[in-house]
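*Asks:* Give me a 3D structure for the following:
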Amino acid sequence: MTDTRTILMIDDDKTLTDLLCEYLSYEGFQLEARHDGISGLAAAKDSKYSLILLDVMMPGLNGFELLKALGGKHATPILMLTAKGDETDKVLGLELGADDYLAKPFQHRELLARINAILRRIDIVQQQQNHNVNYHINHVQMNPATHEVHCHDQLIELTGTEYQLLTLLMENSGSIVSKELISQQVMQRKLSPFDRSIDMHVSNIRRKFSAYAQDDKIKTIRGAGYIFLSGNE
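*Replies:* The predicted structure is shown next:
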C-alpha cells in the first residue's frame with residue numbers, strides 16, 4: 001500500500017508491540033502503542049487512527065471496560081486480541097462494539113490479513129457514501145452520504161461492520177443473504193466453522209433496532225442466512 005495509515009495498539013506487552021511496530025512499518029503502517037487501558041482510552045478517542053488493536057487483559061482498565069467506556073459510538077474500527085479458544089471473550093468483545101477478533105498467539109501475516117480486510121471494508125463504505133444510494137425499507141432509512149441509519153425516525157449508532165452488514169441485507173431486501181456471502185463481502189474472508197462474529201453483529205443490529213421497533217427487521221433462516229424484511233411479509 002502506498003499511503004501510510006496509523007494504527008493504535010493498546011496492549012501491555014511491550015515486546016509484542018515493538019515487534020509489530022517494526023513489522024507493520026514494512027507494510028506501510030505506522031503503529032503507536034499504549035500500554036495500559038487508561039491512556040489507551042484517551043488515545044482511542046482521537047479520530048486520526050485508521051484502526052485500533054485492543055488487548056483484553058491489561059492493567060488499570062481492561063479491553064472490555066475500554067469498549068464500554070467508548071459506548072459503541074467510536075468511528076474507528078477495533079480488532080480485539082483475545083485469549084486463544086476463549087469464546088466468551090470473543091462474543092463479549094463483539095457485543096460491546098468490536099469489529100472483529102483475533103486469538104493470541106497469532107502469526108504476523110494473519111494479523112496483517114485481518115487489518116487489511118477491515119480497512120478494505122472501510123474503503124467500501126466510503127465508496128458507497130460517494131454513490132449516495134439511499135434505502136428506506138420497513139421504517140429503516142440508510143443515508144450513505146452521512147453514514148446515518150434511522151429506525152422509525154430515531155438515529156441508530158452502528159459500528160462500521162454493522163453498517164456494512166446492514167447495507168448488504170437492505171440491498172437484498174426480501175431475499176436470503178447467506179453467511180458465506182456476508183463473510184466474503186463484509187468480513188472480507190472465507191466463512192470459518194464455528195465463527196460466531198456474523199451472528200453477533202446481526203444480534204447487535206437487532207438489539208439497537210428493538211429500542212424503537214416492536215417488529216423484527218431481520219429474520220434468521222436456519223442453515224441458510226438472513227433476510228431483511230421488506231415489511232410485506
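*Asks:* Which residue ranges of the chain form strands?
*Replies:* 5-10, 29-34, 51-55, 78-83, 100-104, 135-137, 140-143, 148-151, 154-156, 177-178, 218-221, 225-228 (DSSP state E).
*Asks:* what residue lies at the spatial centre of the chain?
*Replies:* Central residue of the chain (C-alpha atoms, centre = their mean): D99, 2.0 Å from the mean position.
*Asks:* residues in contact with that residue?
*Replies:* Applying C-beta atoms under 8 Å, 6 or more residues apart in numbering to D99 gives the contacts 77-79, 118, 121, 159-161. Placement of C-beta: from N, CA and C, glycine included.
*Asks:* So F209 sits against V140, correct?
*Replies:* Yes: using C-beta atoms under 8 Å, F209 is in contact with V140, at 7.3 Å.
*Asks:* which residues do these two both contact?
*Replies:* Residues touching both F209 and V140 by C-beta under 8 Å, 6+ apart: 151, 217.
*Asks:* if you count what's nearby, which of these two comes out ahead?
*Replies:* Neighbour count, other C-beta atoms under 10 Å: between F209 and V140, V140 has more, with 25 against 22.
*Asks:* Nearest residue to that one in space, please, no chain neighbours.
*Replies:* Counting by C-beta to C-beta, 6 or more residues apart in numbering, C151 is the residue found nearest to V140 once chain neighbours are left out, at 5.2 Å.
*Asks:* That neighbour against A213, yeah?
*Replies:* Yes: C151 is within contact range of A213, at 5.6 Å (criterion: C-beta under 8 Å).
*Asks:* Of the two, give the one with the bigger neighbour count.
*Replies:* Set side by side, C151 and A213 show more neighbours around C151, with 19 against 16, by other C-beta under 10 Å.
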